[in-house]
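# sharing a model prediction with you, sequence too.
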Amino acid sequence: MDRLPLPTDEIVRITDDLARYRADHQLIDQITVTRGYAELLQLDASNPAYHAKLQIALQRLSEMATQRGLSNVTERIREMGISTATESGISQPSSSLA
């Protein structure tokens, strides 16, 4: 995975929108993980592990959004340079969180 700068503000907006839209326990768990890695990356932007984990978390969030018919979320994540579920042909999210 490339180490592109990820827009934390957009990640927060996406996760806020998802949390308001869907009170789905599994989705809320993934939102929490995604935001956690986004915050850790803000604290230590040079940490490659945080960057990689955030990318994985965003991919999983994209997968979950796709399954719920929220293609706009997947598109917003793709615009950040993250490989999304529709690009990789993934149809089922992993049961574990990033």
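Happy to help now that I have it. The structure displayed is predicted, hence computed values, not measured ones.
# CA atoms for contacts and neighbours, from now on please.
Noted.
# OK, contacts around the residue nearest the centre of the chain?
The C-alpha lying nearest the average C-alpha coordinate of the chain belongs to L58 (Cα atoms, centre = their mean; 1.9 Å). By Cα atoms under 8 Å, 6 or more residues apart in numbering, the residues touching L58 are T34, I77, I82.
# how much space between the second one and A65?
Which is I77. Using Cα to Cα, to the nearest Å, one gets 10 Å for the distance from I77 to A65.
# who has more neighbours, those two?
Neighbour count, other Cα atoms under 10 Å: between I77 and A65, I77 has more, with 22 against 19.
# please identify the helix or strand for the more buried one.
Following DSSP states H and E, the helix or strand that holds I77 is helix 71-78.
# which residue packs closest to R78, ignoring adjacent ones?
Among residues not flanking R78 along the chain, T84 sits closest, at 5.9 Å (Cα to Cα, 6 or more residues apart in numbering).
# pull the contacting residues for that neighbour.
Shown in contact with T84 (Cα under 8 Å, 6+ apart): Q59, S62, E63, T74, I77, R78.
# so I11 sits against G36, correct?
No: counting by Cα atoms under 8 Å, I11 stays clear of G36, with 10.7 Å between them.
# near D24, how many other residues are there?
Neighbours of D24 using other Cα under 10 Å come to 10.
# same deal with the one 5 residues further on?
Close neighbours of D29, defined as other Cα under 10 Å, add up to 12.
# picking that back up, roughly how far apart are the residue nearest to the centre of the chain and I82?
Using Cα to Cα, L58 is found at 7 Å from I82.
# related to what we said a few turns ago, now the helix holding I77: buried residues?
V73, T74, R76, I77, R78 (16 or more other Cα atoms under 10 Å).
# show the pLDDT at the fourth one.
I77 carries a pLDDT value of 93.
# between I11 and G36, who's got more neighbours?
Taking neighbours as other Cα under 10 Å, I11 and G36 compare with I11 leading, 20 against 15.
# now do the more buried one, the pLDDT please.
92.
# again with I28
At I28, pLDDT is 92.
# what residues does the strand or helix carrying T32 touch?
Following DSSP H and E, one finds T32 within helix 25-43. The set of residues external to helix 25-43 that reach it, using Cα under 8 Å, 6+ apart, is 8, 11-12, 15, 18-19, 47, 50-51, 53-54, 57-58, 60-61, 64, 97-98.
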